[in-house]
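Colleague: Return atomic coordinates for the entry below.
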Amino acid sequence: MKNYNSITIIHEDDSLPLFNDNTSLLSPLPNDKQVTYNPHPQDHLAPPFSASQSGDDDSNRPSSLLVGSFNLIATIIGGGVLSLPIAFQKCGIFATTLFMISSAYMTYMSLITLCYSSRRCGGSSYGEVVRSAFGERMEEGVSWLLFIFLLFVIAAYMVLIRDIWTPLVGLAMGGEVDGDRMLMGIIVIMLPFLFQRSLHALRWNCYIGFGSILVLCVALCRGGFQRYYYQEHYGDDGQNGDEGDEATTAAANDIEFFKVPTVQDVLFSFPIVMLAFLSHFNILSIQNTLSRPTRQRMKNVTGMAIIASCLIMYFFGLGGYLLYGSKIQGNVLLNIPIAKIPDEDMEEYWLFLLGRIGCGTTLMLAMPLLALPCRDALLEVVDVLFHRSHHRSDSSDASNDTLFWKMMHKLNRNESIDDAAITTEDEVDEIVMDDDITTPERKSPLMSMSPGRTILIRKDAIQRDWVFRNSMMHYGSTLMIVVCCYIGATKVEGVAEIWSLIGSSLAFLIAFILPFGCFIVIENGVEGSDRHDGWIKAAAAMLVLSIVGAVVCTWNRIASM
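Modeller: This is a model prediction of the structure:
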């Protein structure tokens, strides 16, 4: 790490008026739709706020509030929703409702604090925020953590995709289909999406995936509420007096609203609910592409996405529980027969069939949304290694490059003259805020960090660094991720094995512990009226709860093995 004492911090749009934002992150900005400048010039944004002025897809900030919200919703609503009905069965409706509300609120808080930490330190990725708070080694460690975590998640999605589409294609073709070959064919079809470089380019995946999962949600709610109504009023399941299939008959008899769950049931269910909201690996990419990224607009994006996702996932889980009661399985699709059963309502059969297709479509389209941050996490590790060895003072001659970097330059089809001699300082300046820095340019009243903390000065987000733009690294890392996940998916029998390997401890660490920890460290270094002391205390309280939850849930998982 270098201390660039010659660097001057110039706050963007520093001459423009400031709105007063003294106490609360929730205080709205007046006439936000009319704001054409950064109302908080102390924020370090990459790309800069002015990059969104063109307002089209060619700008560095092309995403609107709608696009940003759907990007986040599509990241949240994925394979985790299929296990929510069993959380209702384990803990009852009232307790699970409390779990959903508390998880949604804590997720909103951690996402907002992560965005605020990014603005304070200039980090454009999860790893760079951690770097500013805890150092370069932690950036590498967290990037490796995200990469491995997302590898497991993508492999789990592949297992679900295989299990959903194999019987559907077999039903259409009238015979058995090899699941692994089916999965390979789907991956080949999805390759153009997997190679995309930004969430904005995948916005249509988000729209279609959102609509697709709604079909299955409607099917579960329709069937669940209908059967519960008939059980309560007529004593049967609404199948015109027929006994119906064993999995759904008398479902309402074992529906528990105010069940007192055991400790084991709580430790089983709460991580499922919490994991369903996990989306932190994409939130900063959304902020990096959002047009006019004021603090309020980021809160609007996050709030709308969390509320919409919470409602959909709540009714998804509730509908599945009301429909199947105590017979619900860990994956609700295992309760839904693929073929039509005798005396089944045709409308219900087609609705569930379309719902299964919709769920499979959602998971297919969500896979690129996970592959993108997984690739970015891996390339961030490479980016750190590149910057460590390419400071101007150490790399005045490009011929001094190692064989690996020479090969990467040579194989890059988009290599420019500037790229051939690029150095760390061409992409990012890291400023260590030490005690001896007392010049007015370095010690701004708007942004003053505590000793030892760093600010990253960037013109573009980290995804515009040479390592990320290098074609060989981009395509090579994507193919490596896809192949590794495919091999893993073909070696396990079910998705439960992968979820158990991931563990609740990793989810707590990524979703709550690291974001709240970074926010406390970085925000404590802010001086003046812009520091949010109340939020520091709230983050500290939630950090303690998160650590306790991670320890208890991890211990329970180990003890149950």
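Colleague: who are the neighbours in contact with Gly170?
Modeller: 176-177 (CB atoms under 8 Å, 6 or more residues apart in numbering). Placement of C-beta: from N, CA and C, glycine included.
Colleague: what residue ranges in this structure are flagged as low confidence?
Modeller: Counting by pLDDT under 70, the chain has low-confidence residues at 1-36, 51-59, 234-253, 344, 393-401, 433-452, 493-503, 561.
Colleague: go with 50
Modeller: Along the chain, segments meeting pLDDT under 50 span 1-31, 55, 240-252, 396, 435-451.
Colleague: Please look at His391 and Glu427 and confirm they touch.
Modeller: No. Checked against CB atoms under 8 Å, the pair His391 and Glu427 is beyond contact range at 11.3 Å.
Colleague: Neighbour count for those two, which is higher?
Modeller: Glu427 (20 against 14; other CB atoms under 10 Å).
Colleague: Against Cys518, how distant is the more buried one?
Modeller: Distance, Glu427 to Cys518, using CB to CB, to the nearest Å: 22 Å.
Colleague: Next: Val129.
Modeller: Remark: distance between Val129 and Cys518 (CB to CB) = 5 Å.
Colleague: what's the overlap in contacts for the two?
Modeller: The contact sets of Val129 and Cys518 overlap at 114, 117 (CB under 8 Å, 6+ apart).
Colleague: What is the host helix or strand of Leu365 packed up against?
Modeller: Using DSSP states H and E, Leu365 sits within helix 346-388. If you count contacts as 3 or more CB pairs under 8 Å, 6 or more residues apart in numbering; DSSP states H and E, helix 346-388 packs onto helix 65-76, helix 126-134, helix 136-173, helix 179-194, helix 203-234, helix 280-289, helix 466-469, helix 471-491.
Colleague: Could you export those as CSV, including distance to Cys91?
Modeller: Listed next are those as CSV, based on distance: least, CB to CB, whole Å:
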stretch, distance to Cys91
helix 65-76, 21
helix 126-134, 31
helix 136-173, 23
helix 179-194, 33
helix 203-234, 17
helix 280-289, 25
helix 466-469, 43
helix 471-491, 30
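Colleague: Show me what counts as buried in the one helix or strand Val544 maps to.
Modeller: Applying DSSP H and E as the criterion places Val544 in helix 533-559. Neighbour counts over helix 533-559 (16 or more other CB atoms under 10 Å) mark 535-536, 538-539, 542-543, 546-547, 549-550, 552-554, 556-557 as buried.
Colleague: Between the residues you listed, which sits nearest Ala104?
Modeller: Met542 (13.2 Å; CB to CB).
Colleague: Test my guess that that closest one contacts Pro515.
Modeller: No. Judged on CB under 8 Å, Met542 makes no contact with Pro515 at a distance of 9.5 Å.
Colleague: So for those two, which residues contact both of them?
Modeller: In contact with both Met542 and Pro515: Ser110, using CB under 8 Å, 6+ apart.
Colleague: Give the burial count for His402, as a bare number.
Modeller: One correction, residue 402 is Thr, not His. 9.
Colleague: contacting residues around it?
Modeller: With contacts defined as CB under 8 Å, 6+ apart, Thr402 is in contact with Ser389.
Colleague: What's the separation between it and Glu139?
Modeller: Here the criterion is CB to CB. By it, Thr402 lies 21 Å from Glu139.
Colleague: same check, this time on Leu545
Modeller: Taking CB to CB, one finds Leu545 at 26 Å from Glu139.
Colleague: Equivalent analysis for Glu415, please.
Modeller: Glu415 sits 26 Å away from Glu139, going by CB to CB.
Colleague: Thanks a lot, catch you later.
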